[in-house]
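Participant: sequence and predicted structure are below.
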Amino acid sequence: MRFSIPVLLSLGASLLASSTAQAKGHPEAEAQVLDLSKRAIALRSVQGPGNKTGEVAALFRDALLKAGWTASDIEIVPLGDTAYLIATWKGSDPGLKPLVISAHMDVVEAKPEDWERDPFTPVVENGYLFGRGASDTKFEAALALSSVIELRREGFRPKRSIVIAYSGDEETTMDTSKVIAERLKGAELVLNVDGSSGTLSEAGKPLYWSWQGAEKTYVDYKVEVTNPGGHSSAPRPDNAIVQLAQAMERIGAYRFKPELNDVTRQYWTGATKIEPDPKLAAAMKAFVANPNDPAALQVLRANPATVGRVSTTCVPTMISGGHAQNALPQSATANINCRIFPGHTRPEIMAELEKVAAMPAAKFTDVTGDDSVEAPASPVRPDFVAAVGKAVKAAWGPVPIIPSQSSGASDSMWYRALGVPSYGASASMIRDSDEFAHGLNERIGLLNIAPGVVYYTTLLTDLAGK
Ligand SMILES: [Zn+2]
């Protein structure tokens with residue numbers, strides 16, 4: 001994930017007794033998951049000189065070739081210093097649209113001197129696999145891939161084609177992500193396995209599992225006020241710094257209209273049932289009943305884990321202005337970072353901010369790069385909900401399942417923007433204390449391997465059809 005893995009809930013001590021699922025083992029697949037993850041972590045697939053993303057793609061290709069895919073089923077396409085992988089397992093019914101498994105092979109930069117262990121040397125220790133990409137997202141990419149191979153090994157024949165589509169720059173420019181989504185826009189559904197989906201208690205019990213059905217749109221607006229300037233001994237009525245400050249004060253105090261969509265409505269409803277803080281749980285319940293309930297809004301907006309789920313948010317993040325201590329400022333500039341609730345356009349939100357700022361001298365410009373695009377929420381599809389429900393239960397036992405909308409962006413954005421339903425739904429569960437994606441000492445619990453293979457083989461069997 002590019003910006004952050006969504007914090008779902010501030011769950012405290014273990015709430016729910018969970019039964020460990022009794023599943024038959026998949027020893028060959030389980031061994032392959034660890035082997036591929038370790039070899040992928042050892043390849044430094046970081047943007048820039050020496051980027052080894054293409055070698056990660058080759059590692060995965062070779063595993064597929066060994067398992068029965070033919071060379072013509074697999075493409076590795078170089079793009080700039082990176083590459084992407086598309087591997088197809090043809091379904092028996094050519095009339096069915098394909099199922100896409102999406103992940104990324106690139107990782108965020110990691111400085112060895114800052115880490116306790118070398119980030120690009122995989123280390124297995126105390127039940128964890130350590131290394132850059134362990135949780136974001138080489139382990140999960142290897143887990144999904146090894147599970148597809150396991151299905152083939154077991155003699156499964158999909159009705160619907162299964163396409164493994166792994167991007168090579170999700171953490172940076174998303175150029176390969178865009179190309180892949182455009183090429184696969186005829187897909188039935190995308191299963192995005194980037195990041196972890198489940199949360200364990202600190203004692204290691206599954207607390208809840210979440211699938212992601214929507215993302216807010218990332219946007220930056222530049223706001224600039226310019227004046228003729230002059231000597232500071234002769235002030236004029238207009239002053240760029242003062243004008244910009246007044247505009248920022250109004251924008252900082254503004255709250256966008258609270259909203260619900262199908263995904264967030266189910267999120268709030270599900271979260272209400274497991275949130276241990278009674279005040280927060282009551283606010284969630286009141287918000288679903290009436291999104292304009294002022295008391296509920298006050299509670300949800302005061303909590304960093306819930307504020308982003310209520311509405312569009314915009315916040316000034318940078319400011320600069322003036323050019324000399326004894327001169328009237330010729331310009332003052334601010335950056336406003338917004339996370340737009342699905343269903344609104346960038347120009348629409350900019351127009352709303354201009355109105356709020358009420359400062360005709362302030363010029364607004366959308367300066368978001370082309371690595372962000374407006375994407376609708378994916379529908380809450382009953383076939384998908386049923387299939388993940390069954391797969392999670394087979395893997396982890398009866399844990400609550402809560403759909404979510406995140407404030408960051410993933411490869412799902414590109415598919416959703418083209419009208420393809422995409423769901424963030426990976427197998428792995430982590431403790432809050434194990435959350436090191438993009439940070440130091442990234443790790444993933446090995447306890448995810450066995451249930452993970454059960455999850456993917458169950459889910460893919462249902463979604464691809466026998
Ligand atoms: Zn990721």
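Facilitator: Happy to help now that I have it.
Participant: so who does the residue in the stretch 151-300 of the chain that the ion sits nearest to touch?
Facilitator: The stretch 151-300 of the chain approaches the ion most closely through D194 (4.1 Å), counting by Cβ to the ion. In this view, the C-beta of every residue, glycine as well, is placed from N, C-alpha and C. Counting by Cβ atoms under 8 Å, 6 or more residues apart in numbering, D194 touches 1, 102-104, 136-137, 140, 170, 410-411, 424, 426.
Participant: with D383 instead?
Facilitator: Contact analysis of D383 by Cβ under 8 Å, 6+ apart lists L463.
Participant: sorry, back to before: the ion versus the nearest residue to the residue of the stretch 151-300 of the chain closest to the ion once chain neighbours are set aside, what's the distance?
Facilitator: Once flanking residues are discounted, D194 sits nearest to T137: 4.8 Å by Cβ to Cβ, 6 or more residues apart in numbering. Distance, T137 to the ion, using Cβ to the ion, to the nearest Å: 4 Å.
Participant: now T82
Facilitator: Applying Cβ to the ion, the value for T82 to the ion is 14 Å.
Participant: pLDDT score for that residue?
Facilitator: Model confidence at T82, given as pLDDT, is 98.
Participant: that one and P122: what is the separation?
Facilitator: Counting by Cβ to Cβ, to the nearest Å, the separation of T82 from P122 is 21 Å.
Participant: now do the residue of the stretch 151-300 of the chain closest to the ion against N51, distance only.
Facilitator: 19 Å.
Participant: with D462 instead?
Facilitator: D462 sits 36 Å away from N51, going by Cβ to Cβ.
Participant: name the nearest residue to D371, sequence neighbours excluded.
Facilitator: Distances taken as Cβ to Cβ, 6+ apart put M174 closest to D371, at 4.7 Å, once the chain neighbours are dropped.
Participant: what's the spacing between the helix or strand harbouring L85 and its chain's center?
Facilitator: Using DSSP states H and E, L85 maps to strand 82-89. Centre-to-centre, strand 82-89 and its host chain are 20 Å apart (Cα atoms, centre = their mean, to the nearest Å).
Participant: next SSE downstream of it?
Facilitator: Past strand 82-89, the next helix or strand by DSSP H and E is strand 99-104.
Participant: output the contacting helices and strands for that next one.
Facilitator: Applying 3 or more Cβ pairs under 8 Å, 6 or more residues apart in numbering; DSSP states H and E, one finds that strand 99-104 contacts helix 138-153, strand 162-167, strand 189-192, helix 412-417, helix 449-464.
Participant: of all the ones you listed, which lies closest to I251?
Facilitator: With respect to I251, and counting by Cβ to Cβ, the nearest of those is helix 412-417 at 25.1 Å.
Participant: with only the CA atoms kept, save that closest one in CSV.
Facilitator: Provided in CSV are the C-alpha atoms of helix 412-417 (Å, rounded to 0.1, in the frame of the first residue of the first chain):
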residue,chain,number,x,y,z
SER,A,412,-7.4,-1.1,-6.9
MET,A,413,-7.9,2.6,-7.7
TRP,A,414,-6.9,2.1,-11.4
TYR,A,415,-9.3,-0.8,-11.8
ARG,A,416,-12.2,0.9,-10.1
ALA,A,417,-11.7,4.0,-12.1
